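Asks: pasting the structure only:
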């Protein structure tokens, strides 16, 4: 091991340690006092409910753990978006579980809560995964109702999705384990089956105070919408549970009876760990964002037996393409090569050097063909991003870089096999799009702590923004000394660097998670298993192309 390996390893392990600390903080939700208050009522927390429901919480992945981070400070914060979402197994059946966190503003819906719930439903719809809702929510967070109530992708979309999912035959089970009020009352009742916990849960369009104000009727909440009322009088709910664990046990019993899912037919064989040491990833991945490294060394530590067969190995070398297995599943990998490479492409001079992390004409052409091949063979695609963008300059423009890039984006957009994206390092500009950014519907998209997502790097953007800022100040007659310029640059870069952090992206659900690199195989494997529940119904067709 060389000195650079050790420096890289120290740096990346510190990033992984910081990730663990952040997750510990997130898991406290609204705070220990609120957790204690729930326990005093005989209730479990959202995380305790999910953990009890899943067969083995170690074999689960959490979607949107950092949702809402640093977004609502003026409202007291919204840890994990006020809702817990996990993909795991219930009685051996892979499911997605959505649980309102009543320790966060009584489970009220912030704008990010709605977005996260919709993401959970999207995952369920794409993969035809059974979805379990554990409801304990005071409804829309009124101070921000204008950002959660009326638009297409707001609160009402949840109920529209309930209906669509039902028509698709996707199992939906709801357990009302606390408050379930107003419009939110429709979610459990639009599910296939609904449970309610006696004494601690209630469902109604309007609570007792509002009923009194609206029509003058005096009634307590339990009589108005408690478990006995809805199980024995209204018939709104199907099962009455004596407590949280009883409700969760009933869900387990129901899920255990679900028939086997359809099968997409993705290729799977016996799983093997990589031959190369997975922990070496920490030393291979450089601390400096512009440093060179061999992406093949990362791939060897992610795939079974470290076996990877390259497609068009000697052509378009700034993108690596090839076939492998991850946890037994066959995959096609598209990855940015981050080292300088020599090329003898017809569109470049003989033995010309190409910059790593940049997409050239030939690499875009290769990626397009490989994406098409994987669609032809029904092989899921895995994108490993560390990209600064497409090559610029007269040579690239005259060679038709826009046309070649468009072909790659076309193939990506029309791909019918499931796609999975891992942002390893840089994810800048159009490179983010071409390497299957969020806009191109990856089934799951995650980032390592080393990732950055932005139009351009912090240094480049800060220099551009500095020019604009100094020009504006000079117009107002201010003198810009070298010291003042340096101060402005640091301020601008600090602000920009915060926005390109993987945690900033995860807070807004631009990615599904920030993960430890050593968990990458688990995410991809569970993602493909989920996708295998949904047979491919469309044919791959790239439409019209400028050849």
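Replies: Sure thing, it's come through. Predicted model only: the values in this text are computed from it and were never measured.

Asks: Residue 478 and residue 484: what is the separation?
Replies: Using C-beta to C-beta, to the nearest Å, residue 478 is found at 8 Å from residue 484. Where C-beta positions appear, they are placed from N, C-alpha and C, glycine not excepted.

Asks: What does the pLDDT read for residue 344?
Replies: For residue 344, the model assigns a pLDDT of 66.

Asks: Could you pull out the buried residues of the host helix or strand of residue 209?
Replies: Assigned by DSSP states H and E, residue 209 belongs to helix 208-215. Buried residues in helix 208-215, counted by 16 or more other C-beta atoms under 10 Å: 208, 211.

Asks: Mind listing residues that contact the helix or strand just after that helix?
Replies: Next in sequence after helix 208-215, counting helices and strands by DSSP H and E, comes helix 221-225. The contact list for helix 221-225, computed with C-beta atoms under 8 Å, 6 or more residues apart in numbering, reads 199, 202, 203, 204, 207, 208, 211, 228, 229.

Asks: What count of nearby residues applies to the fourth one?
Replies: What that stands for is residue 204. 21 (other C-beta atoms under 10 Å).

Asks: That one and residue 181 touch, don't they?
Replies: Yes. Using C-beta atoms under 8 Å, residue 204 is in contact with residue 181, at 6.3 Å.

Asks: thinking again about what came up before, so can I have JSON lines of the contacts of helix 221-225 showing distance to residue 491?
Replies: Below are the contacts of helix 221-225 laid out as JSON lines (distance: C-beta to C-beta, whole Å):
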{"residue": "199", "distance to residue 491": "56"}
{"residue": "202", "distance to residue 491": "51"}
{"residue": "203", "distance to residue 491": "51"}
{"residue": "204", "distance to residue 491": "52"}
{"residue": "207", "distance to residue 491": "49"}
{"residue": "208", "distance to residue 491": "53"}
{"residue": "211", "distance to residue 491": "54"}
{"residue": "228", "distance to residue 491": "61"}
{"residue": "229", "distance to residue 491": "59"}
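
Asks: which one of these sits closest to residue 315?
Replies: For these, the minimum distance to residue 315 (C-beta to C-beta) is 61.4 Å, reached by residue 203.

Asks: What ranges in the chain fall below the confidence cut-off?
Replies: In the predicted model, the chain carries pLDDT under 70 at residues 1, 183, 344-352, 398, 458, 544-547.

Asks: for it, which helix is longest?
Replies: Taking DSSP state H as the criterion, the chain has its longest helix at helix 3-26.

Asks: mind listing what's buried in it?
Replies: Result for helix 3-26 [16+ other C-beta under 10 Å]: buried residues 8, 9, 11, 12, 15, 16, 19, 22, 23, 26.

Asks: Who are the packing partners of that helix?
Replies: helix 281-284 (3 or more C-beta pairs under 8 Å, 6 or more residues apart in numbering; DSSP states H and E).

Asks: what helices or strands is the next helix-or-strand element following the helix it packs on leaning on?
Replies: As assigned by DSSP H and E, the chain's next helix or strand after helix 281-284 is helix 295-300. Here helix 295-300 touches helix 281-284, strand 319-326, strand 329-336, strand 381-387, going by 3+ C-beta pairs under 8 Å, 6+ apart.

Asks: What is the neighbour count of residue 153?
Replies: Residue 153: 10 neighbours (other C-beta under 10 Å).

Asks: hang on, the earlier thing: which two of the contacts of helix 221-225 have the greatest separation?
Replies: Going by C-beta to C-beta, the pair spanning these furthest: 199 and 211, at 19.8 Å.

Asks: Residue 54 versus the residue positioned nearest the centre of the chain, what's the distance?
Replies: Nearest residue to the geometric centre of the chain (C-alpha atoms, centre = their mean): residue 512, 1.3 Å. Computed with C-beta to C-beta, the distance linking residue 512 and residue 54 is 18 Å.

Asks: coming back round to it: nearest to residue 440, out of the buried residues of helix 3-26: which one, please.
Replies: residue 19 (25.5 Å).

Asks: residues contacting residue 25?
Replies: Contacts for residue 25 were tallied using C-beta under 8 Å, 6+ apart; they are residue 79.

Asks: One more pass at 10 Å, please.
Replies: Going by C-beta atoms under 10 Å, 6 or more residues apart in numbering, residue 25 touches 69, 79.

Asks: Equivalent analysis for residue 156, please.
Replies: 114, 148, 149, 150, 183, 186.

Asks: so which of these is the most crowded?
Replies: residue 114 leads the contacts of residue 156 on contacts (other C-beta under 10 Å) with 25 neighbours.

Asks: Surely that residue touches residue 140?
Replies: Yes. Shown here, residue 114 and residue 140 form a contact pair, counting by C-beta atoms under 10 Å, at 8.7 Å.

Asks: which neighbours do those two share?
Replies: Contact with both residue 114 and residue 140 is made by residues 147, 148, 149, 154, 155, according to C-beta under 10 Å, 6+ apart.

Asks: and the first one, how many neighbours?
Replies: Here the number of neighbours of residue 147 (other C-beta under 10 Å) works out to 15.

Asks: Look up how far residue 119 lies from residue 165.
Replies: On the measure of C-beta to C-beta, residue 165 and residue 119 end up 14 Å apart.

Asks: ok, back up a step: who touches both of residue 204 and residue 181?
Replies: 210, 221, 225.

Asks: what pairs with the closest residue to residue 296 other than its chain neighbours across the strands?
Replies: For residue 296, ignoring the flanking residues on the chain, the nearest one in space by C-beta to C-beta, 6 or more residues apart in numbering is residue 320 at 6.4 Å. Beta-bridge partners of residue 320, counted by DSSP bridges, are residue 335.

Asks: Hmm, residue 334 and residue 320 touching each other?
Replies: Yes. Residue 320 is within contact range of residue 334, at 7.6 Å (criterion: C-beta under 10 Å).

Asks: ok, back up a step: between residue 478 and residue 484, which contacts overlap?
Replies: Joint contacts of residue 478 and residue 484 (C-beta under 10 Å, 6+ apart) are residue 470.

Asks: now residue 179, what's its secondary structure?
Replies: What DSSP: H, G, I helix; E, B strand; the rest coil gives for residue 179 is strand.
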